[in-house]
Structure formats: C-alpha cells, structure tokens
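Visitor: Please work out how this folds:
(chains A, B, C, D, E and F)
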Number of protein chains: 4
Amino acid sequence: MRKTPRQARSRQMVDRIVAAGRDVLVSDGYDAFSTNRVAAAAGVSPGSVYQYFPDKAAIVDVVVDRYWDDVAEKVAAALADRIGTFGPAMVRDTADALIAALEDDPAVLRVVAEELPISRNRDRLTVLERRVRDLVATFLAARPETSHRPDPAVTAWVVVIALEQLAVRWVLDQPPVTRDQLVEEILALVSGYLSFGDR
Amino acid sequence: MRKTPRQARSRQMVDRIVAAGRDVLVSDGYDAFSTNRVAAAAGVSPGSVYQYFPDKAAIVDVVVDRYWDDVAEKVAAALADRIGTFGPAMVRDTADALIAALEDDPAVLRVVAEELPISRNRDRLTVLERRVRDLVATFLAARPETSHRPDPAVTAWVVVIALEQLAVRWVLDQPPVTRDQLVEEILALVSGYLSFGDR
Amino acid sequence: MRKTPRQARSRQMVDRIVAAGRDVLVSDGYDAFSTNRVAAAAGVSPGSVYQYFPDKAAIVDVVVDRYWDDVAEKVAAALADRIGTFGPAMVRDTADALIAALEDDPAVLRVVAEELPISRNRDRLTVLERRVRDLVATFLAARPETSHRPDPAVTAWVVVIALEQLAVRWVLDQPPVTRDQLVEEILALVSGYLSFGDR
Amino acid sequence: MRKTPRQARSRQMVDRIVAAGRDVLVSDGYDAFSTNRVAAAAGVSPGSVYQYFPDKAAIVDVVVDRYWDDVAEKVAAALADRIGTFGPAMVRDTADALIAALEDDPAVLRVVAEELPISRNRDRLTVLERRVRDLVATFLAARPETSHRPDPAVTAWVVVIALEQLAVRWVLDQPPVTRDQLVEEILALVSGYLSFGDR
DNA sequence: TATGAATGAGCATTCATTCAT
DNA sequence: CATGAATGAATGCTCATTCAT
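Guide: Predicted coordinates for the structure are as follows:
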C-alpha cells in the first residue's frame, strides 16, 4: 500500500528539480542560476538537491541534455512518416522538422543557445549530424551524374552548421522572414550548394 | 604641472582596464572574471574601475565591442584594395578576409563566441551585415538575367548567418578542413544559393 | 523464527556502530567523523544509528570509553601474574604494562589523545589511578624508614600524570628513545621522586 | 591628520579578529568556532575577516600562537631576574613561573590544551624546551660528581613532558593540591630524577 | 525495528560595489 | 581623482537529525 514506490519517488524528485532548474534558467538566466534558487523553485530543501545531483553543474547538464534529447526526438518523430523522400523534399522536411522542434520551447532555446557556455552543448549535435549526413548522402545519390562537392564529410559539416544556425537564429531573433520563406531559403541554400558545379 | 590632460588620462585608464579585462577573460574565463581581478591585472584599485565603468558588465561589453570593431576593421581593410571585384571573386575575398580577421585572436574569439552570454554580442554584426548586403547586391547585379532569390534582405540575412558561423566554427573547432577547402565550400554555398534557380 | 533474541541483536548493532565509529575516526579523523559516514561504514542506515545513540557525541564517547577500558584491561592482565612485586620492580612492571597496552593500537590512541576534545577522556583514568595509588603505597611500604612525600594522594596524582603522559607521548611522537630507555627513565623518575629526601 | 594610519588600522583589525576568535573559542568551543561567528563577535563583516586571514584555520593558528608566545614571554620575564640560580632553586623558579603563566588565562588554556587538535600546538614548545634543557644542564653541572641520568637529551625530554603536563593539569583540573604543594612535588620529582643514582 | 529520503540551519568563502580618506 | 578597506548578500554545499513508511 505504498503510495510512491521508491523508484518512482526518486524519479519524481529528479523531475521536479530538473523542471525547477529549467524554470530558474528561463526566468532568472544562467548567471542567477543557483542551487538554492532551484531548490526553492522545486519546493525542496537545498540538501535534497544534493541527494540527486552531485553539484550545480550536473543540474544544468541534465536540463540541457533533456532539451536536446527532446528536440532530437521531435525531429525524428516528424521525419518518421516521411522516410523515402529524396533530395529537395528531404531537405525541406528536415528543415521544417528542425524549425518546428525549436519553436516548441524558445525560452529554453534562448538560454541554452545564448547564455550557456557552449561547452555544455558540445555533444548535443550527434542526432542532427547523423540526420544531415544521411540527407547529404541521399541527395547526392539522387544526382549521381552531376559534378558536386568533393568531400562528403566536409559537405555535411557545412550543412549542419548552416542549417542549425539558421533555424536557431530565426526562432530567437524573429527576423522579418516568414517560416515558409525560411524553409524555401534553406532549401535553396542546401540544394544550390549540393548541386553546385552542375551543368 | 600636469603631464597628461585629463581627457587623455581617462582614455588611458579605460584602455588599461579594457586590456586587463581582455586578459582576464582570456586566461581565467568568463566565470572567473571579477572586477577585483581586472583591477589587479590593470594595476589599479577596484574603486578606480568604477570611475570609468558603471558595473562589471560594462567592462565586458567594451571588451566585446572592441573585439568586433577590430574584426570589422580588419575585414574592411582587407577588402579595401579589392573593390570592384564582382560575384564569385567577391565572395571568396569576403570569406577570406573574415576568416583571416578571426584567426588573428582565437583566444578572445573563443571567450566571446563560446562563454559569453550572446546578448553581449547583439549589435556587433552591423559591419558584416552591410558588407554582405553589398556582396549579395553586386553578385545579383552581375547576373541580372537569371532567376534567383526573391528578397535581397532575406538573402543577405541567410548569407550573413551562414558565413559568419562557418568562419567562427572553423577557427574554433579546428575541423578536418583546410583553409582553402573552407573558402571553396563557402564559395560553393553562397554562389549556389544566390544563383539557385538558374537555367 | 527469530534468530537472535532482541537483546543480543541490540548489542550486535551497538558493536557494529562502535566498530564503524572507531574505523571512521582512525581513517578519516575527528573532523571528518559524521554520523552518515559511521552509518555507511557500519552498513546501517543513519536512522538506525539514532535508535542506539542519542547523538553523534555519544558514539564518540563509547569509542573512547571502550578504548580506555581496553587499555585498562590489558594493563590489569599484564600485572595480574606479578602481584607481590615490590618497589622498583613494580614501577617497572607498571610502566611496561602501560606502554605495551598503548602500543597495541596507536591509531586509536592518536585520535583519542590528539584530536578529540579532552573532555571526552575525562573519566577514563580510574583504573590507572587505582593502580598507581597501589604502586605508591607499596613502594612506600617497602621503605617505611625513610623520609619521603608527605601526601600519598598528591603523590599518586603526580605519578599518574607523569607516567601516563610519558607513555602516551613516547608511543605517539616516536622520540629518539628506546623502549628500554624509556622504562629506565620512568623508573628513575618515579623512584627518585618517591624516595626523595632519603639519606 | 589621519586618525588611523594605514598600518595601525590593519593591525587593529587583526587584533579585533584575533580577540574575537579567542572569545568565540572560549565561550563556544572549538567545534562551534565559525568564521561567521568570529566576524559577528568582532563586529566586522565576514568578508573583512578574509582580508586579513586566508581561511578559518589561520585565525585559530594565530590565537594559539599568540597564547603560547604570551606564556613563553611571561615565563621568560619571570625568570629574567633570577638568572644565576642553580639546581633546586632553578627548578622551583621554573615550575613557579610556568604555573603562574598558565594560571593567567585558564579559559584559553582549556581550549588550547583540551579541544584543539594537538597538531595546532605542535611547535609551541620550543621555548619551554630550551628552558628545560638549560635547567637540566645547570642542574647536572652543579652535581658533576654524582652518578645520574646518562642521556641529557632524553632527560630533558622526560622533564619537559612531566613539568608541562603537571602544570597544565593542575591549572585545568583543580586537583586538591595547593599551589605550593605542587611546586614542592615538582621539585621533588625533578630533583629526585636528576640525582637518581646518587649515593 | 529498521529504513533512508528529506530536511534546513549552518558553514566557509567570494565578490560587486561603496565611500571615507 | 584615486584609493583600497570594508561591506554583506549571496553562493555551493554539508550533515546531524527526524519521521513516514
């Protein structure tokens, strides 16, 4: 007749703390992020935080990790029903999925992308990178006859950076560009790049 | 019997403090950046710092501003003797100039781009933006007959973001891409993008 | 189906906790001595500790008490088969027995004598005191004809303090004095003192 | 017309903090000794403490050092006008001077001798040791014809420990021994020891 | 009984900022 | 102007103790 099984209770505490961490990050900013504030926001004592996290940095790390995992999951989900698309359509779909995922929580994106030491975000790109590598590969496979970029690894690196940064800046800076326009421009950028040298 | 006029002395103090700020930022990192440390590094008392800067943030702001001004100046200087180039050559020159400027002080670039809250970098892009706007305009002027990007403002926004981020990441992440490769890829990216839709 | 009667189980818990307390004291020192650590070392939950000890200090007290009881027991045992010796021989035997007892566990002696608030050691001397009182009495009884110390209680107090401290410091400070030398010096000190005024 | 010259002000702060440290140690005990409490007792902010002491331990060290310096000074002063005394008189004088010095501040003596990790007191004995070495040497010089302790270094070690501990315990434990009795017993102890073997 | 999650007061320390000199 | 001693709020973190299960 246990109300909260041991495992679940831990899980719940971690979740509460992470949620509170996210909130503090969003509303107070990274500089004002303190363990005491997180504890207060979680309705928990400072000591309790340390039963679940070894130190302050670990809380931030989990918040960031969860955010990017979330984004990756959304991108994967959005693309799941479109497998099989090729070339341009795939670019469009990927850009669209990424933008959509980033639009979901701009507040955290702002903190994560703009306030955090980049080191905390270092390993987050794996999923996007894999996706882009595939994208580049299938795109090129669809146009085997043409002359194009020589080194696929370099090409993927270029596309990842451009794609990611365009999506992030669009969400955060709200430039005078519509969402559809953005997707079209990304399509043009990537397509033009990948086919460059065609004749 | 005053050696230096008041104005000049102020200027000198500001310079000392900013230089010290830069050094502290580079060697200790943003987290360890403290007014006391800056004062010590400048050989000045903490109180004096507050005669020239309202608070700690203002010091960082000036360091960042000066850094980006410096970059802008270098880019402008590098391009000064190449005015009149068109299209692809201009893209190449711009990319090259930007990379060169960023390579000059990677230590500060690292702090500025990776550790600082991005808000501090907000207004830095004006020069680069103007330059890229010109670049886009002249490029398109060279190919007036072709169909290409519809909105020059949007196009410039896209190119700025991609160009800047590629140059920054290349300098900071040292990816397995040579400098020449990078310039070629940027050229391909921008040229492909700007001419996309040509036939 | 209870394996161990309640009483015995309590006893066992207390023993585990005290043993763990001793270990923590020895390996981590008094400053790092914490109830949680003791509980962990005992393989017991922190809550359980409080079923047997009212607070942290009580654990230390028992560790200390047991240590001194142990020493007292060893001294008594060592002297048991030498009852009947008189004067100098008895001094020598007592000194020897005490040194031997202290040598048995220098690690705990160090903590108990050097790190603990001495108040915790307050009542430990009873056995040694009684033994020394006897020693003084028999010594004097062996030389009834001579003039010597007037007040046996004071005399015993002096001898206890000197004897104990010499033995403890010798064990802990490892001075350049051999064990035999030490015993000889103690003998000289005590004998000289007790017979002082002889002619 | 400066009220407090720079040097003097520092000195004054250090003194205030050390005095507060002493008071906290005496009234709250070593376990409750905290930087915040010291700061409060000194009527100073916690931050100020750290302008004069690198950490908590440093405050304790200075308190202890000052205490023992003080004792050493008093002993030296008390003996200054008695130089030239020999043998028994010198023992009496030394014992008397030491007891007097320790009696002056039993509260601090209690903390220093009973609550502090002994390591903090390690180097304090130099003065007493030198004094005792001299004492032993002159004593023996006065009785060159007699047989006595073989190793002067060992002899001095024994006398230091006994003398110091007897004086300290007498002050702190208030045993049923008068001050004069104590001095007489110490004289008997030391004299008997040093002349032991005489005939 | 035994548990161990939760507590929260407390600690040592830092640092942006002020202000009397 | 320049100083730098002084501040004190705030920080990350610990640990003796409690109490619901």
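
Visitor: Now do the helices in chain A.
Guide: A:6-28, A:35-42, A:46-52, A:56-80, A:87-103, A:106-110, A:126-142, A:152-173, A:179-195 (DSSP state H).

Visitor: mean confidence score for stretch A:163-182?
Guide: The pLDDT scores in stretch A:163-182 average 95.

Visitor: these two touch, right, A:A142 and A:F86?
Guide: Yes - taking contacts as Cβ atoms under 8 Å, A:A142 lies within contact range of A:F86: 4.8 Å. Yep, even glycine has a C-beta here, placed from its N, CA and C like the rest.

Visitor: mind checking how far the spatially closest residue to A:A100 that is not a sequence neighbour is from A:I99?
Guide: Excluding its sequence neighbours, the residue lying closest to A:A100 (Cβ to Cβ, 6 or more residues apart in numbering or on different chains) is A:A78, at 6.2 Å. Distance, A:A78 to A:I99, using Cβ to Cβ, to the nearest Å: 10 Å.

Visitor: Which residue of those two possesses the greater neighbour count?
Guide: The neighbour count for A:A78 versus A:I99, taken as other Cβ atoms under 10 Å in any protein chain shown, is higher for A:I99 (20 against 16).

Visitor: List the contacts of that one.
Guide: A:167, A:170-171, A:179, A:182-183 (Cβ atoms under 8 Å, 6 or more residues apart in numbering or on different chains).

Visitor: What's the per-residue pLDDT of the residue of chain A found nearest DNA strand E here?
Guide: Of all residues in chain A, the one sitting closest to DNA strand E is A:G47 (1.5 Å; Cβ to the nearest atom of the strand). Per-residue confidence (pLDDT) for A:G47: 96.

Visitor: neighbours of it, just the number please.
Guide: By other Cβ under 10 Å, neighbour count at A:G47 equals 8.

Visitor: cool, A:Q51 as well?
Guide: Count around A:Q51 with other Cβ under 10 Å applied: 12.

Visitor: do you know how far it is from C:V24?
Guide: 21 Å.

Visitor: Go through the helices of chain A and find the least confident stretch.
Guide: helix A:126-142 (a mean of 79).

Visitor: coming back round to it: so the residue nearest to A:A100 touches A:A101, yeah?
Guide: Yes - assessed by Cβ under 8 Å, A:A78 is found in contact with A:A101 at 7.2 Å.

Visitor: Quick check: residues of chain A near DNA strand F?
Guide: A:2-3, A:32-37, A:46-47, A:50, A:55-56 (Cβ under 7 Å from any atom of the strand).

Visitor: which of those residues are buried?
Guide: Buried by 16 or more other Cβ atoms under 10 Å in any protein chain shown: A:33, A:35, A:37, A:56, out of the residues of chain A next to DNA strand F.

Visitor: can you redo these as TSV with distance to B:R66?
Guide: Shown next, in TSV, are these (distance: Cβ to Cβ, whole Å):
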residue	distance to B:R66
A:F33	28
A:T35	35
A:R37	33
A:K56	32
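
Visitor: Just name the closest of these to chain C, please.
Guide: Lowest distance from chain C to these (Cβ to the nearest Cβ) belongs to A:T35, with 19.4 Å.

Visitor: what residues are up against the closest one?
Guide: A:46, A:49-50, A:56, A:59.

Visitor: Just give me the closest of the residues you listed to C:T126.
Guide: A:Y50 (44.4 Å; Cβ to Cβ).

Visitor: For the closest one, which non-adjacent residue is spatially closest?
Guide: A:T35 (8.0 Å).

Visitor: Domain parsing of chain A, as residue ranges.
Guide: According to automatic domain parsing, chain A comprises the domains A:1-53, A:63-195.

Visitor: Could you single out the most deeply buried of these?
Guide: domain A:63-195 (a mean of 18; mean count of other Cβ atoms under 10 Å in any protein chain shown).

Visitor: That one: end-to-end distance?
Guide: Start-to-end span of domain A:63-195 (Cα to Cα, to the nearest Å) is 39 Å.

Visitor: Any idea which residue of chain A lies closest to chain B?
Guide: For chain A, Cβ to the nearest Cβ, closest residue to chain B: A:G192, 3.0 Å.

Visitor: Next up, the contacts around the residue nearest to that residue when sequence neighbours are not counted.
Guide: Of all residues not flanking A:G192 in the chain, B:G192 sits nearest, at 3.0 Å (Cβ to Cβ, 6+ apart). Contacts for B:G192 (Cβ under 8 Å, 6+ apart) come out as A:189, A:191-196.

Visitor: Which one of those residues is nearest to B:A95?
Guide: The nearest one, if we look at those relative to B:A95 and count by Cβ to Cβ, is A:Y193, at 13.8 Å.

Visitor: distance of the closest one from B:S191?
Guide: As for A:Y193, its distance to B:S191 is 9 Å (criterion: Cβ to Cβ).

Visitor: Equivalent analysis for A:R110, please.
Guide: Distance of A:R110 to B:S191, given as Cβ to Cβ: 33 Å.

Visitor: ok, now A:E184?
Guide: For A:E184 relative to B:S191 (Cβ to Cβ), the value is 18 Å.

Visitor: Residues of chain A that sit close to chain D?
Guide: Applying Cβ under 8 Å from any Cβ of the partner chain, one finds that chain A does not approach chain D at all.

Visitor: Which residues of chain A lie near chain B?
Guide: A:29-31, A:113-115, A:117-119, A:149, A:151, A:153-155, A:157-158, A:161-162, A:165-166, A:169, A:175-177, A:181, A:185-186, A:188-189, A:191-197.

Visitor: And A:R199, what's its pLDDT?
Guide: 48.

Visitor: what do you get for A:E145?
Guide: At A:E145, pLDDT is 66.

Visitor: check contacts around the residue nearest to A:E185 when sequence neighbours are not counted.
Guide: Nearest residue to A:E185 in three dimensions, chain neighbours excluded: B:V158, at 5.1 Å (Cβ to Cβ, 6+ apart). Residues in contact with B:V158 (Cβ under 8 Å, 6+ apart) are A:166, A:185-186, A:189, B:193.

Visitor: need the contact list for A:F196.
Guide: A:148-149, B:188-189, B:191-192.

Visitor: cool, A:S191 as well?
Guide: Counting by Cβ under 8 Å, 6+ apart, the residues that A:S191 touches are A:87-88, A:91, A:139, B:192, B:196.
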